[in-house]
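Enquirer: have a look at this prediction, sequence included:
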Amino acid sequence: MTTQWIENKTPATGAVAIYNWVTAALAAGFTKVEDSDGTTRSAGGTQVTSGAAGAGGLGNNNAYVRLRYPDGIRELIWQRGANDQTWRLTYSALARFTGGSPDATHVPSATDSATVIGAGTDASPTFSSLFSTNNTYRQQGAVYDVAPYGWWFACYPVGGGTGNGAVVFDPVTGADADDDDPCVFNTALVSTLNSSALSGTGAATTSRSAGWLAYGLGGAAFQAIMANGLVNPVTGTTVPGQCPTNAHSNKHNLFPPVYLRPSGQATPNGYKGVSTMLCWNGVAKTTAETYKVATDRDRISFGDVSFLWSGVVVTV
């Protein structure tokens, strides 16, 4: 496996930040199959070549990129709103974005299209703020080039502070054998990846964890699926943030979230799986703090969670 890292970037705009991810995804084997710079659409995905504004750039109103995963099945579309902070992210688990009436300002449709960020329709989209003010934050991330092709990126203010924009595509383990889309998206919109957001029940215009339940079956829905930690019924939350280092080894223990939509929520509900991309922090950490589990700087923290890290010294 050759991980495509996004390391110590300081994107001038949100469009550059998204294109940083696109560049890493393409290097990991994703394919850009369709795109538009907001003026000219390419059915072959050759129009958008940067995150800049102007011809060939993603930094224009309604510009978009449609990417296909290396497995040739899943697809997603990033579309920019009226400014570099606002975006709409749609996802197709199986059907692909082959329908609708795509043009320079409108994305194609899929029969199983799910809105991960934003709202509205392909014909009349609305966008949600993902990033903070341009040129004020750093970006870290990774795209994996082996199945099931997980990826993430997260941003935080230059100089440090609370995270301000993150997206994670999290293939789960332990899913039911009949689950045709065993993955979850985690989103932090101008926010950080904290337990209150990822364990919440919000819509696609809010920070949340979400995915398909009962995909391909009657009543299927793409909806919030809570990322659960560990709670003691007497003393309250223990993970994240209230579990010290291991008493025997003094090492940090890792606690992957369990994705489950409880019975008190609207159906469909139930168990989804266990995260493979992130872990709750047992010990509370600062944003972009790195630490050692097996090798130096092999984890990096954002909010209440951490990811595998390249080992590179992080610029704050």
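Expert: Nice, thanks for sending it over. The shown structure was predicted, so the numbers you read here are calculated from the model rather than taken from an experiment.
Enquirer: and Ser306, that one's in a helix?
Expert: No: counting by DSSP: H, G, I helix; E, B strand; the rest coil, Ser306 is not part of a helix but strand.
Enquirer: what is the neighbour count of it?
Expert: Ser306 has 27 neighbours, counted by other C-beta atoms under 10 Å. For the C-beta atoms, the positions are set from N, CA and C on the backbone; glycine is no exception.
Enquirer: ok, now Leu260?
Expert: Applying other C-beta under 10 Å, I find that Leu260 has 17 neighbouring residues.
Enquirer: which SS class is the nearest residue to it once chain neighbours are set aside?
Expert: Among residues not flanking Leu260 along the chain, Tyr271 sits closest, at 5.0 Å (C-beta to C-beta, 6 or more residues apart in numbering). Following three-state DSSP, we place Tyr271 in the strand state.
Enquirer: contacts for stretch 64-79 next, please.
Expert: 18, 22, 25-26, 28-36, 45, 48, 58, 62-63, 80, 87-94, 96-97, 107-108, 110, 116, 118, 125, 127, 145, 147-149 (C-beta atoms under 8 Å, 6 or more residues apart in numbering).
Enquirer: mind giving me the PyMOL command for buried ones among those residues?
Expert: In PyMOL, a selection of the buried entries from the contacts of stretch 64-79 looks like this (16 or more other C-beta atoms under 10 Å):
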select buried, resi 18+22+25+26+28+29+30+32+33+34+35+36+45+48+58+62+63+80+87+88+89+90+91+92+93+96+97+107+108+110+116+118+125+127+145+148+149
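Enquirer: now, the contacts of stretch 64-79 that are in strands?
Expert: Members of these lying in strands (criterion: DSSP state E): 31-36, 80, 87-92, 116, 125.
Enquirer: hmm, back to that, how many neighbours does the residue nearest to Leu260 have?
Expert: With other C-beta under 10 Å as criterion, Tyr271 counts 17.
Enquirer: show me the shaky parts of the stretch 151-300 of the chain.
Expert: Residues of the stretch 151-300 of the chain meeting the criterion pLDDT under 70: none.
Enquirer: what about the helices in it?
Expert: Assigned by DSSP state H, counting those that start in this stretch, the helices in the stretch 151-300 of the chain fall at 195-198.
Enquirer: same question for the stretch 1-150 of the chain.
Expert: 14-27.
Enquirer: give the contact list for the residue nearest to Ser132 when sequence neighbours are not counted.
Expert: Distance criterion C-beta to C-beta, 6+ apart; nearest residue to Ser132, sequence neighbours excluded, is Asn164 at 4.0 Å. By C-beta under 8 Å, 6+ apart, Asn164 lies in contact with 131-132, 137, 155-157, 190-192.
Enquirer: and Gln139, by the same measure?
Expert: Contacts of Gln139 were listed using C-beta under 8 Å, 6+ apart, and they are 6, 9-11, 17, 20, 153-155.
Enquirer: nearest to Ala266 among these?
Expert: Ala154 (29.6 Å; C-beta to C-beta).
Enquirer: who's that closest one bridged to?
Expert: Note on Ala154: beta-bridge partners by DSSP bridges are Gln140, Ala166.
Enquirer: that one reaches Gly165, doesn't it?
Expert: Yes: contact criterion C-beta atoms under 8 Å: Ala154 and Gly165 qualify, at 7.2 Å.
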